[in-house]
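> Okay, sequence plus prediction incoming.
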Amino acid sequence: MKVSDCKLGFVGFGHMAQVIYQAIEHAKLIPRSQISFIQRDPGKMKQNEQKYGLTSTSLERLVETSDLIILGVRPQQAHLVLEKLPPGKPLISLLAGVKIAYFQEHLGSETPILRVMPNIASAVGEGMSVFTYSPQFPEEIKSAAHLIFGCMGQVMEVSEPLADIACGIAGSGPGFVFRLIEAMARTGEKEGLSYETALKMAAQVFVGAGRLVAKGSLPETLIQQIGVPNGVTVAGFESMRQTRVDEHFQEAILAAAKRSKALSQEIK
Ligand SMILES: NC(=O)c1ccc[n+]([C@@H]2O[C@H](COP(=O)([O-])OP(=O)(O)OC[C@H]3O[C@@H](n4cnc5c(N)ncnc54)[C@H](OP(=O)(O)O)[C@@H]3O)[C@@H](O)[C@H]2O)c1
């Protein structure tokens, strides 16, 4: 199946699903006429039909006409949808923490399931999507999924036992970085910069630092390079050491991973 021939159905068309649709549309990967969606609220479906020029439909019709379904409901909402899906139809789940076994309990062990943990930076083509496949996942759908999620950033694959920690780092990570950017900007503001100026500085710092590491420089090397003895940054490093910032940050990531693990036990 060529990705451009793929008929795609979004079950749940909230924030994340719309980000994915917009990236597909921007990359001209799949013609709009081959994409349909469904939400709970008919009013929102009408609005999104107009906004995106897409067709909303019934769940039955969506299932019938789609080669591939992207499930974008919240984890707690999943069972209501899964009850109505037939076995065998390849499913891409965006649901944080929900294991492949859960889907296969509802849809049968032969149904190909791809768990994807995308993140909010997909909206600007800088996303990090982490894939976990059910066994014997069809290669051609794998390739199509790589093209779909590749047009909104990077894609990595992990085995399912590592999906929760990947969720803590890649799925929730932007949230933690937003907190840090906000803290930097508010500090600048307190010290006399305008909030807007400090925010711009802080955001570019994360873009630049992230890009250096993404291009292959190791954080450890960069830390040494920037940490001139008795210099300005070293004073900050010392404060970070005393307040154990790194450990606290690790705890936040582990808390998110733990929550991801717990979610699979909470849903029906
Ligand atoms: N947001 C993120 O950054 C992010 C990152 C990674 C993964 N995720 C995962 O992506 C999923 C969606 O998150 P979100 O932020 O996009 O949530 P959201 O904005 O609340 O979207 C959920 C969508 O599901 C629809 N829905 C709920 N029950 C339905 C049903 N029975 N039939 C059809 N549609 C139904 C809702 O319809 P209405 O619009 O009519 O209410 C809504 O469009 C979650 O499972 C989350 O774990 C999100």
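Cool, got the structure. Numbers count the residues shown, from 1 in each chain.
> sec struct for Phe10, please.
strand (DSSP: H, G, I helix; E, B strand; the rest coil).
> roughly how far apart are it and Pro86?
According to Cβ to Cβ, to the nearest Å, Phe10 and Pro86 sit 17 Å apart. In short, each C-beta sits where N, CA and C put it, glycine included.
> So for those two, which residue has more residues nearby?
Taking neighbours as other Cβ atoms under 10 Å, Phe10 and Pro86 compare with Phe10 leading, 28 against 11.
> Who are the contact partners of the closest residue to that one other than its chain neighbours?
Using Cβ to Cβ, 6 or more residues apart in numbering and skipping the chain neighbours, the partner closest in space to Phe10 is Phe37 (3.9 Å). Contact analysis of Phe37 by Cβ atoms under 8 Å, 6 or more residues apart in numbering lists 9-11, 13, 17, 21, 45, 48, 54-57, 62.
> same question, Arg61
Ser36.
> So for the helix or strand that contains it, what gets flagged as buried?
Per DSSP states H and E: Arg61 is located in helix 59-65. Within helix 59-65, the residues scored as buried using 16 or more other Cβ atoms under 10 Å are Leu62, Val63.
> Could you confirm Phe37 falls within a strand?
Yes: assessed with three-state DSSP, Phe37 lies in a strand.
> For it, give its distance to Val124.
Taken as Cβ to Cβ, the span from Phe37 to Val124 is 22 Å.
> care to break this structure down by domain?
Following automatic domain parsing, one gets these domains for the chain: 3-159, 173-264.
> Figure out which of those is closest to the ligand.
When those are compared by Cβ to the nearest ligand atom, domain 3-159 sits nearest the ligand, at 1.8 Å.
> The closest one close to the ligand?
Yes: applying Cβ under 6 Å from any ligand atom, one finds domain 3-159 touching the ligand at 11-17, 38-41, 44, 72-75, 77, 80-81, 94-96, 117-120.
> just to revisit the earlier point, so of the domains of the chain, which one's packed in deepest?
Mean neighbour count (mean count of other Cβ atoms under 10 Å) peaks for domain 3-159 among these, with a mean of 18.
> How far does that domain sit from its chain's centre?
Taking Cα atoms, centre = their mean, to the nearest Å, the mean C-alpha location of domain 3-159 is offset from the chain mean by 12 Å.
> Regarding that domain, how distant is the last residue from the first?
Domain 3-159 stretches 24 Å from its first residue to its last (Cα to Cα, to the nearest Å).
> Residues in contact with the helix or strand encompassing Val207: which ones?
Assigned by DSSP H and E, Val207 belongs to helix 195-214. Here helix 195-214 makes contact (Cβ under 8 Å, 6+ apart) with Val177, Leu180, Ile181, Met184, Ala185, Arg186, Thr187, Gly188, Glu189, Leu193, Pro219, Leu222.
> could those go into a markdown table alongside distance to the ligand and pLDDT?
Listed next are those as a markdown table, based on distance: Cβ to the nearest ligand atom, whole Å; pLDDT from 0 to 100:
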| residue | distance to the ligand | pLDDT |
| --- | --- | --- |
| Val177 | 13 | 98 |
| Leu180 | 17 | 98 |
| Ile181 | 16 | 98 |
| Met184 | 22 | 98 |
| Ala185 | 21 | 98 |
| Arg186 | 23 | 98 |
| Thr187 | 26 | 98 |
| Gly188 | 27 | 98 |
| Glu189 | 27 | 98 |
| Leu193 | 29 | 98 |
| Pro219 | 25 | 98 |
| Leu222 | 28 | 98 |
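> and which of those is nearest to Ala256?
In terms of Cβ to Cβ, no member of those lies closer to Ala256 than Val177, at 12.7 Å.
> which residues of the stretch 51-200 of the chain fall in helices?
Secondary structure of the stretch 51-200 of the chain by DSSP state H, counting those that start in this stretch: the helices cover 59-65, 78-82, 100-107, 139-150, 163-166, 173-190, 195-214.
> mind exporting the fourth one as PDB, just the C-alpha atoms?
It refers to helix 139-150. Extracted C-alpha coordinates of helix 139-150, given in PDB (Å, rounded to 0.1, in the frame of the first residue of the first chain):
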ATOM      1  CA  GLU A 139       5.800  -4.000   7.000                       C
ATOM      2  CA  GLU A 140       3.800  -2.000   4.500                       C
ATOM      3  CA  ILE A 141       1.700  -0.300   7.300                       C
ATOM      4  CA  LYS A 142       4.900   0.200   9.300                       C
ATOM      5  CA  SER A 143       6.400   2.100   6.300                       C
ATOM      6  CA  ALA A 144       3.200   4.100   5.900                       C
ATOM      7  CA  ALA A 145       3.200   5.000   9.600                       C
ATOM      8  CA  HIS A 146       6.800   6.100   9.400                       C
ATOM      9  CA  LEU A 147       6.000   8.400   6.500                       C
ATOM     10  CA  ILE A 148       2.900   9.800   8.300                       C
ATOM     11  CA  PHE A 149       4.700  10.500  11.600                       C
ATOM     12  CA  GLY A 150       8.000  11.400   9.900                       C
END
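> No further queries at this time; thank you.
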